[in-house]
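Visitor: Build the 3D model from these lines:
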Amino acid sequence: MYTFDTIVTYSRIDGSGKVPYHEILNYFQDCSTFHSESLGVGVEYMKKEKRAWVVLAYKVQIYRDLHMGDKIQIGTSALEFKKVFATRQYFIKNEDGDYVAKAETIWALIDTETRAPLRITEEDSSAYTEEKMFESIGVSRKMKFQTEGREQKSMVIPKAFIDTNGHVNNANYLLIANEYLPKDSEYNQIEIVYNKEAVEGESVVPYIHHEEDYMGVRLEDSVRKELLAEIKFSNI
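Guide: Predicted structure coming up:
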């Protein structure tokens, strides 16, 4: 397990004074990046090896709001490595040691030149210690909305959304989806399935699914009509 302590800064909060959903994912991303760097298998190492870990699915459960000045600890651990998929857990705790959020993720290893998935070898996983930090919250790569979805105006992916892997950073899909959430909406569970990498300059069409007990956002490429990502907002 790897942890780091920090204080919520003004730049992490939104207009409501709370840390928004995409910034929670950024905390998790920072933690796993720090973890890999501490083990000598970080960004530059993976770049040299022409490999990258890409997230395929996220499930996040949020138990408390975060505000500026809150002292928090973020933690992560590799949970399990299989032939082609790996899982990782995350948490955020407040200064009293109470859970603020938990998350589970599914990852794949890809060749950064061909973008093809790779088998996970002992060499790929040996730096990490597999550890369960809490009981599984059930992340899944399957998602299905019941309604057709209401088409929204297309948007073009800006350069600022792209990370070192050359595609939209996983937290920025939530930043896109946030534009379509009802005002003053309160959801404490978020599920994301990433189907295809979105890149700079790509035109994306959001589809909104309003259901009785959840809201969904589906993102498609406007030209090829390929599914990019699906996001589900609900309550535990």
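Visitor: got a list of what the residue nearest to A177 when sequence neighbours are not counted touches?
Guide: Sequence neighbours aside, V217 is the residue nearest to A177 in space, at 4.2 Å (criterion: Cβ to Cβ, 6 or more residues apart in numbering). C-beta here means a position set from N, CA and C on the backbone, and glycine is covered the same way. Counting by Cβ atoms under 8 Å, 6 or more residues apart in numbering, V217 touches 176-177, 180, 206-209, 230-231, 233.
Visitor: Scan the chain for its longest helix.
Guide: Using DSSP state H, we find that the single longest helix of the chain is helix 21-38.
Visitor: Does anything pack onto that helix? Which helices or strands?
Guide: Helix 21-38 is packed against strand 2-7, helix 43-48, strand 51-62, strand 71-81, strand 86-94, strand 99-111, helix 170-178, with contacts defined by 3 or more Cβ pairs under 8 Å, 6 or more residues apart in numbering; DSSP states H and E.
Visitor: hang on, the earlier thing: from the contacts of V217, which land in helices?
Guide: Using DSSP H, the contacts of V217 in helices are 176-177.
Visitor: Turn the contacts of V217 into JSON lines, columns for distance to K82.
Guide: Below are the contacts of V217 laid out as JSON lines (distance: Cβ to Cβ, whole Å):
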{"residue": "I176", "distance to K82": "30"}
{"residue": "A177", "distance to K82": "29"}
{"residue": "Y180", "distance to K82": "34"}
{"residue": "P206", "distance to K82": "32"}
{"residue": "Y207", "distance to K82": "32"}
{"residue": "I208", "distance to K82": "34"}
{"residue": "H209", "distance to K82": "31"}
{"residue": "E230", "distance to K82": "23"}
{"residue": "I231", "distance to K82": "25"}
{"residue": "F233", "distance to K82": "29"}
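Visitor: possible to save the contacts of V217 as TSV with pLDDT, distance to T105 and neighbour count?
Guide: Listed next are these as TSV, based on pLDDT from 0 to 100; distance: Cβ to Cβ, whole Å; neighbours: other Cβ atoms under 10 Å:
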residue	pLDDT	distance to T105	neighbour count
I176	94	19	21
A177	94	17	25
Y180	93	23	18
P206	97	23	22
Y207	97	24	19
I208	96	24	17
H209	96	23	18
E230	97	15	25
I231	98	14	25
F233	97	17	23
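Visitor: Look up how far N169 lies from the residue nearest to I162 when sequence neighbours are not counted.
Guide: Among residues not flanking I162 along the chain, E200 sits closest, at 5.0 Å (Cβ to Cβ, 6+ apart). Per Cβ to Cβ, to the nearest Å, E200 is found 11 Å from N169.
Visitor: Also E95?
Guide: Noted for E95: a distance of 28 Å to N169, by Cβ to Cβ.
Visitor: So which of these two has more stuff around it?
Guide: When E95 and N169 are compared for neighbours, N169 comes out ahead with 20 against 11, by other Cβ atoms under 10 Å.
Visitor: ok now do that one, which residues does it touch?
Guide: Going by Cβ under 8 Å, 6+ apart, N169 touches 29, 161-163.
Visitor: Of the residues you listed, just the buried ones, PyMOL syntax please.
Guide: Buried residues within the contacts of N169, by 16 or more other Cβ atoms under 10 Å, are selected in PyMOL with:
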select buried, resi 29+161+162
